[in-house]
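Q: Got a predicted structure here, sequence first:
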Amino acid sequence: MNQEGYTNYPRLYPKDFETVIRQIGAVLEKKKSFLICGHVRPDGDCIGSQLSLYSLLKDMNKTVRMYNPGPIMEYFLFAPGIEHLETSFDKNYTCDVCVFLDCGSLERVIENIRPCGLIINIDHHKSNEEFGDINYIDPNASAVGEQLYHIITVMEKPITRDMANCMYLSLLSDTGGFRYTNTKSLTFEVTGELVKAGADPTAIAEHLFENKSPISIWLKAQVLGNLKYECGGRLVWGEITQEMYRAVGEENEPEGLVGEMRGIAGVEVSILIHEIEEGGMRVGLRSRGEVDVSRIASEMGGGGHTNASGCYIRGDYTALKSQILSLARRMMEGK
């Protein structure tokens, strides 16, 4: 890698998306000011892709700011550029382009506000509402970081070490350490190029998977100790109530817990229900095999992938919890 960044990379983009990838690249080249938006409770894909694009645009001498509502978990604080990520929305900021990354809808960012300028929507969730002026939605992509790799290579811009580390974080996070069904041969081709560009797989994995706070482990233990098994053990669910969050703070939410629940022998669907302070719930759903949990999420106003979905809904917590569990039971019984 030279001082300016890695440039000896192949173009690996899916041919079906070449036109929109080039269109986005042209906008990034031409326009001067940008706002990069990510979703509430950002995961590694959201944060990694935001920081990657921020770094690219800053290297291109653009005016650029980043925003998502947070909270930002401590194990993401190692990521290069994280100090520039804003969690308070600046209504007075005007820009030429707003780029939404990993956002299925505008409401996942901030309610009742349509940002100014051209809207670019880059996502890999099949439930995306295609709210952008330009939409690059590829449900076969392992992560938004993979989609950004395609944009950068088509633009023939150097991939710096910081960009490589952030895109690698994106892919590592959303594939569950390259274990989930969204892990494809292309995933490894892209991550291989990111390592060549300077990404450090060991350091990123340690920060993401081996940097848990003792308090988050305590909270995880409370959930795992009270799991409920139904449908002959094929369905498992747990919950984190507001009482539990008040005891430790929401910043200690265990990362990847619903995925671990799916890993229990015999379990086909796992559900982790979080009671939210404003009344209602947010829910993570995971499945293995052919069980499509996005059907459950969409019934509750959410969405996502076949094997990984979620929803956020306000209302009476007890009633909503009963509703989503009834949906899950009916799906399991109807298999």
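A: Looks like it arrived, so ask away. Numbers count the residues shown, from 1 in each chain.
Q: Outline the domain layout of the protein.
A: Listed domain ranges for the chain are 15-209, 214-333 (source: automatic domain parsing).
Q: can I get the ones you listed in JSON lines with distance to residue 6 and mean pLDDT?
A: The way it works is simple: take the backbone N, C-alpha and C, and place the C-beta from them, glycine included. Written out in JSON lines, the entries for the domains of the chain read as follows (distance: least, Cβ to Cβ, whole Å; pLDDT from 0 to 100):
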{"stretch": "domain 15-209", "distance to residue 6": "4", "mean pLDDT": "93"}
{"stretch": "domain 214-333", "distance to residue 6": "29", "mean pLDDT": "92"}
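Q: for the stretch 151-300 of the chain, what spans make up the helices?
A: 161-174, 185-196, 201-209, 214-224, 242-248, 257-262, 294-299 (DSSP state H, counting those that start in this stretch).
Q: And the third one, how far out from the chain middle?
A: Here helix 201-209 shows a centroid-to-chain-centroid distance of 17 Å under the convention Cα atoms, centre = their mean, to the nearest Å.
Q: What is that helix packed up against?
A: In terms of contacts (3 or more Cβ pairs under 8 Å, 6 or more residues apart in numbering; DSSP states H and E), helix 201-209 is packed against helix 161-174.
Q: who does the helix it packs on touch, helix- and strand-wise?
A: Contacting helix 161-174 under the criterion 3+ Cβ pairs under 8 Å, 6+ apart are the following elements: helix 44-59, helix 144-155, helix 185-196, helix 201-209.
Q: Okay, residue 328 and residue 197: tell me how far apart.
A: Separation of residue 328 from residue 197 (Cβ to Cβ, to the nearest Å) stands at 42 Å.
Q: Check residue 222 too.
A: With Cβ to Cβ as the criterion, residue 222 and residue 197 are 41 Å apart.
Q: among the helices of the stretch 151-300 of the chain, which is the most enclosed?
A: Highest mean neighbour count among these (mean count of other Cβ atoms under 10 Å): helix 161-174, with a mean of 28.
Q: and it with helix 144-155, angle?
A: 140 degrees (axes from the mean of the first three to the mean of the last three Cα atoms, to 10 degrees).
Q: Next, the angle from helix 161-174 to helix 44-59.
A: For helix 161-174 against helix 44-59, the angle by the same axes, to 10 degrees is 160 degrees.
Q: out of the helices and strands packed on helix 161-174, nearest to residue 296?
A: Distances from residue 296 to each of those were compared by Cβ to Cβ, and the smallest falls on helix 44-59, at 21.3 Å.
Q: Make TSV from the helices of the stretch 151-300 of the chain and add distance to residue 278 to it.
A: What follows is those, written out as TSV (distance: least, Cβ to Cβ, whole Å):
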stretch	distance to residue 278
helix 161-174	27
helix 185-196	37
helix 201-209	29
helix 214-224	20
helix 242-248	10
helix 257-262	21
helix 294-299	20
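Q: Which parts of the stretch 1-150 of the chain are strands?
A: In the stretch 1-150 of the chain, the strands defined using DSSP state E, counting those that start in this stretch lie at 33-37, 63-67, 85-86, 97-101, 118-123, 134-137.
Q: so which of these gets nearest residue 270?
A: Ranking the strands of the stretch 1-150 of the chain by their distance to residue 270 (criterion: Cβ to Cβ) puts strand 118-123 first, at 23.6 Å.
Q: who are the neighbours of the closest one, in terms of helices and strands?
A: Packed against strand 118-123, as judged by 3+ Cβ pairs under 8 Å, 6+ apart, are the following elements: helix 18-30, strand 97-101, strand 134-137, helix 144-155.
Q: Mean neighbour count, these: which tops it?
A: Between the helices and strands packed on strand 118-123, the one whose residues have the most neighbours on average, counting mean count of other Cβ under 10 Å, is strand 97-101 (a mean of 27).
Q: before we move on, back to that, reformat the helices and strands packed on strand 118-123 as CSV; add distance to residue 217.
A: Conversion of the helices and strands packed on strand 118-123 to CSV gives the following (distance: least, Cβ to Cβ, whole Å):
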stretch, distance to residue 217
helix 18-30, 41
strand 97-101, 30
strand 134-137, 37
helix 144-155, 28
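Q: Which one of these lies nearest to residue 11?
A: Proximity to residue 11, assessed across the helices and strands packed on strand 118-123 by Cβ to Cβ, is greatest for helix 144-155 (4.8 Å).
Q: Of the helices of the stretch 151-300 of the chain, which is nearest residue 153?
A: Comparing the helices of the stretch 151-300 of the chain against residue 153 with Cβ to Cβ, the closest turns out to be helix 185-196 (8.4 Å).
Q: Give me the angle between the closest one and helix 161-174.
A: Interaxial angle, helix 185-196 versus helix 161-174 (the same axes, to 10 degrees): 150 degrees.
Q: any idea how far helix 185-196 is from the chain center?
A: When C-alpha coordinates are averaged (Cα atoms, centre = their mean), helix 185-196 and its chain have centres 19 Å apart.
Q: Tabulate the CA atom coordinates of that helix in CSV.
A: Extracted C-alpha coordinates of helix 185-196, given in CSV (Å, rounded to 0.1, in the frame of the first residue of the first chain):
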residue,chain,number,x,y,z
SER,A,185,-17.8,-15.9,-2.2
LEU,A,186,-17.9,-12.2,-3.1
THR,A,187,-17.8,-11.4,0.6
PHE,A,188,-14.4,-13.0,0.9
GLU,A,189,-13.2,-11.5,-2.3
VAL,A,190,-14.0,-8.0,-1.0
THR,A,191,-12.6,-8.6,2.5
GLY,A,192,-9.4,-10.0,0.9
GLU,A,193,-8.9,-6.8,-1.0
LEU,A,194,-9.6,-4.8,2.2
VAL,A,195,-6.9,-6.7,4.0
LYS,A,196,-4.5,-5.9,1.2
